[in-house]
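**Q** coords please:
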Amino acid sequence: MADPDKFSTGWPALMSSEMAARYLSVDEQTLFRLADQFNNPAIEIESLSIRWRKQDLDRLIKKLPLVSPSVREADRPRLLKLDSSQLNELAEQVARRIDRTQPNTTAKLISINDACAILGLGRTSIYRMIKDGALQARRIGRRTLLSREEIEAFLDGSNRA
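**A** Alright, predicted model coming up:
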């Protein structure tokens with residue numbers, strides 16, 4: 001059996017209600033309900049804040065039932081069944097929506113980062129090639145852009161300096 005402390009490292013010894021709920025993977029209301037149900041009290045610090053001890057939360061986890069059929073049915077999402085024609089229509093609608101959101105033209109000027117990805121080089125290498133004259137750069141505002149055609153010509157070997 002796995003050591004329970006192995007998975008819970010990095011959590012503080014005292015946790016706020018929000019953090020304790022995250023630790024148990026539940027919401028805060030469920031945390032309070034479970035703590036009350038399994039008699040797992042919180043700690044009140046100077047009547048200002050409520051804290052939960054990690055070791056008490058670990059004990060609470062061990063008390064929880066593994067499977068609860070009533071909760072399982074209540075939490076089960078409703079399933080929507082689609083036949084193949086409905087599924088195809090849904091796929092076509094998604095494809096149309098994707099086509100509308102993507103630009104229909106490719107940019108003629110590309111960023112240094114895009115040039116790095118296309119050429120498989122680092123930024124320093126790209127800037128060195130610009131400085132050496134192997135690539136022509138254009139400045140638009142604060143951005144340095146390269147011609148897509150020039151990058152493709154460089155890849156083909158027809159634009160060597």
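**Q** Give me the three-state assignment for residue 97.
**A** helix (DSSP: H, G, I helix; E, B strand; the rest coil).
**Q** Helices of this structure, start to end?
**A** 4-7, 17-24, 28-37, 54-63, 69-75, 84-101, 112-119, 123-132, 148-156 (DSSP state H).
**Q** Among those, which comes closest to residue 142?
**A** Taking CB to CB, helix 112-119 is the member of the helices of the chain nearest to residue 142, at 11.9 Å. Placement of C-beta: from N, CA and C, glycine included.
**Q** Could you pull out the buried residues of that closest one?
**A** Residues of helix 112-119 classed as buried: 112, 115-116, 118-119 (neighbour count, 16 or more other CB atoms under 10 Å).
**Q** Pick the one among the residues you listed closest to residue 89.
**A** Distances from residue 89 to the buried residues of helix 112-119, taken by CB to CB, are shortest for residue 118, at 37.1 Å.
**Q** Now do the residue lying closest to the closest one once chain neighbours are set aside against residue 128, distance only.
**A** Distances taken as CB to CB, 6 or more residues apart in numbering put residue 151 closest to residue 118, at 5.6 Å, once the chain neighbours are dropped. Residue 151 is 15 Å from residue 128, where distance means CB to CB, to the nearest Å.
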